[in-house]
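1. Okay, sequence plus prediction incoming.
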2 protein chains.
Amino acid sequence: MTRVLYDLCGLDEALRFSPYCWRVRYALAHKGLDVETRPWRFTEKQALAFANHDKVPVLVDGETVVPESYEILRYLDRTYPEAPLLGDGVADARGRFFAHYAERSLAPAMLRIIIMDLLSAIHPDDRAYFRESREKRFGRSLEEFHSPVRGLSQLDTALEPLRGRLAEAPYLDGEAPGGADYIVFGNFMWARCVSSADLVSNADPVYAWLERMLDLYDGLGRQATRITDIEGAYR
Amino acid sequence: MTRVLYDLCGLDEALRFSPYCWRVRYALAHKGLDVETRPWRFTEKQALAFANHDKVPVLVDGETVVPESYEILRYLDRTYPEAPLLGDGVADARGRFFAHYAERSLAPAMLRIIIMDLLSAIHPDDRAYFRESREKRFGRSLEEFHSPVRGLSQLDTALEPLRGRLAEAPYLDGEAPGGADYIVFGNFMWARCVSSADLVSNADPVYAWLERMLDLYDGLGRQATRITDIEGAYR
């Protein structure tokens, strides 16, 4: 049985930067499950028609097709119950909050910092789509939205609960990493792969956690291709 | 057996506004446990010497003395295992994040809005202590720290993950309220008791949740004395 993950790629097929796909990459590694990742670009909607979906991640596990990162984590827990990612009941309910925290607190702050790097990291064929869809969402041009100083200040505020938690435990989920860690860490992989911006100072408890997360699963995150690894791509 | 909670009071003994004490009031109600609350003021450190602690809440349950709100919730789960508040393992680990979110994201934003109301709500004997300790913490005078417009904007940003979660479920803990709800809601009780400021618009998913929380346990929160109920106290 082949397990396939449709995974967003950028101007190079090796550049994989979707925060949602990174959640799933870590979740699969957590379960000890192999996966073949298949590079996909924003405008290749047709390639996902089989899943009745137009975004990645999409996981194909034998006969089963599962879109959306949180749903994939739930699917993995149901199908491979060893080493739960989200858990049941209240654990799962609380797990959802981390997804909203990542998407609504961290991502908007990071985006103000990395948006122009992100544009450069995307495949040239995808840039018009990306610009148009994001400018519509932000209600202004990417250049106007881009505001690293404001983004860093917003991120500094948004990181406060993460700092508090990581000052008392090595991982969000306690002594060992779990679903909450992978959900939040996905955003940091996103920024790391497309940008060389320093988001967190090395005196921050979040920094030490990022280092631990990068090391997990034989350096899964640390070995990921970054824009700075691609010759000629980084100005 | 008498169960006693030392509970912060303001210029009137009926005015109870500590966010940490409200967590515990709701947690006890959740477990169906009676409690006698004992009014306590900031400067009455001596009255808590028996607990080796200098802040409320302190719960005295028969022979057992437990300070600190999160520890009290854990104690209640251990001692009265029916209807868990925090749960075990990953559920508990994730529960901690809500405490940091409440204390580090919500509280600083709310404080900029309500700080002068809070000062007025405190017993006159406590005001010098309160001013001195807070001005030291903020590094500026209360009047300089007070900035309702900035606070409301900061709160609007901080509420984003809460909005996302409450748009998909009636409570943070899912279909029924739990420890995460009480921890976060404590901050809203704090603001509600000392101030008439509107923190959340009635179109916000957070608003509907606040209304549900106020109604729980025979209107425990809704019936709480507010500064506006105290004759002559509210200018």
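-> All right, it came through fine.
2. all contacts plus neighbour counts: C-alpha atoms, from now on.
-> Will do.
3. Can you tell me the strand partners of the host helix or strand of A:Val4 and which way each runs?
-> Element membership for A:Val4, per DSSP states H and E: strand A:3-8. Here strand A:3-8 has these sheet partners by DSSP bridges: strand A:36-40 (parallel), strand A:58-61 (antiparallel).
4. So for it, what gets flagged as buried?
-> Buried residues in strand A:3-8, counting neighbours by 16 or more other C-alpha atoms under 10 Å in any protein chain shown, are found at A:Val4, A:Leu5, A:Tyr6, A:Asp7, A:Leu8.
5. which among those gets closest to A:Arg127?
-> A:Leu8 (13.7 Å; C-alpha to C-alpha).
6. measure that closest one to A:Asp126 for me?
-> 11 Å (C-alpha to C-alpha, to the nearest Å).
7. what's the model's confidence in the helix or strand hosting A:Ile115, averaged?
-> Element membership for A:Ile115, per DSSP H and E: helix A:107-121. Average pLDDT, helix A:107-121: 97.
8. quick check, it touching chain B?
-> No: with C-alpha under 8 Å from any C-alpha of the partner chain as the criterion, chain B is not reached by helix A:107-121; the gap is at least 10.1 Å.
9. next one: stretch A:87-102
-> Yes: using C-alpha under 8 Å from any C-alpha, we find that stretch A:87-102 touches chain B at A:Gly87, A:Gly89, A:Val90, A:Ala91, A:Asp92, A:Ala93, A:Arg94, A:Gly95, A:Arg96, A:Phe97, A:His100, A:Tyr101.
10. Quick check: buried residues in that stretch?
-> Within stretch A:87-102, judged by 16+ other C-alpha under 10 Å, the buried ones are A:87, A:90-102.
11. need those in a markdown table with distance to B:Tyr26, secondary structure and pLDDT, can you?
-> Output for the buried residues of stretch A:87-102, formatted as a markdown table (distance: C-alpha to C-alpha, whole Å; DSSP: H, G, I helix; E, B strand; the rest coil; pLDDT from 0 to 100):
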| residue | distance to B:Tyr26 | secondary structure | pLDDT |
| --- | --- | --- | --- |
| A:Gly87 | 25 | coil | 96 |
| A:Val90 | 17 | helix | 97 |
| A:Ala91 | 20 | helix | 98 |
| A:Asp92 | 22 | helix | 98 |
| A:Ala93 | 19 | helix | 98 |
| A:Arg94 | 19 | helix | 98 |
| A:Gly95 | 22 | helix | 98 |
| A:Arg96 | 23 | helix | 98 |
| A:Phe97 | 21 | helix | 98 |
| A:Phe98 | 24 | helix | 98 |
| A:Ala99 | 26 | helix | 98 |
| A:His100 | 25 | helix | 98 |
| A:Tyr101 | 25 | helix | 98 |
| A:Ala102 | 28 | helix | 98 |
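12. contact partners of stretch A:153-169?
-> A:105-106, A:109-110, A:172, A:175, A:204-206, A:209, B:96-97, B:100-101, B:103-105, B:158 (C-alpha atoms under 8 Å, 6 or more residues apart in numbering or on different chains).
13. C-terminal to the helix holding A:Ile115, what's the next element?
-> helix A:127-138.
14. ok, whatever residue of chain A ends up closest to chain B - contacts?
-> Going by C-alpha to the nearest C-alpha, chain B is nearest to A:Ala91 of chain A, at 4.1 Å. Residues near A:Ala91 by C-alpha under 8 Å, 6+ apart: B:Val90, B:Ala91, B:Asp92, B:Arg94.
15. got the contact list for the last one?
-> The contact partners of B:Arg94, by C-alpha under 8 Å, 6+ apart, come to A:Ala91, A:Arg94, A:Gly95, A:Leu172, A:Asp173, A:Ala180.
16. Quick check, the fifth one in contact with B:Phe97.
-> Going back to what we said before, that points to A:Asp173. No: the criterion here is C-alpha atoms under 8 Å, and A:Asp173 misses it with B:Phe97 at 9.4 Å.
17. Tell me where the model's unsure across chain A.
-> The model of chain A has pLDDT under 70 over residues A:1, A:234-235.
18. on that earlier part again, need the contact partners of the strand holding A:Val4.
-> Counting by C-alpha under 8 Å, 6+ apart, A:16-18, A:21, A:34-42, A:56-62 sit against strand A:3-8.
19. Buried only: go through those residues for me.
-> Judged by 16+ other C-alpha under 10 Å, buried ones among the contacts of strand A:3-8: A:16-18, A:21, A:35, A:37, A:39-42, A:56-60.
20. which of these sit farthest apart?
-> A:Val35 and A:Phe42 (21.0 Å).
21. Show me the helices in chain A, by range?
-> A:19-31, A:69-79, A:89-100, A:107-121, A:127-138, A:142-145, A:148-158, A:160-166, A:179-194, A:205-219 (DSSP state H).
22. Now tabulate these in TSV and tack on distance to B:Arg140.
-> What follows is the helices of chain A, written out as TSV (distance: least, C-alpha to C-alpha, whole Å):
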stretch	distance to B:Arg140
helix A:19-31	40
helix A:69-79	44
helix A:89-100	33
helix A:107-121	27
helix A:127-138	36
helix A:142-145	32
helix A:148-158	19
helix A:160-166	21
helix A:179-194	34
helix A:205-219	27
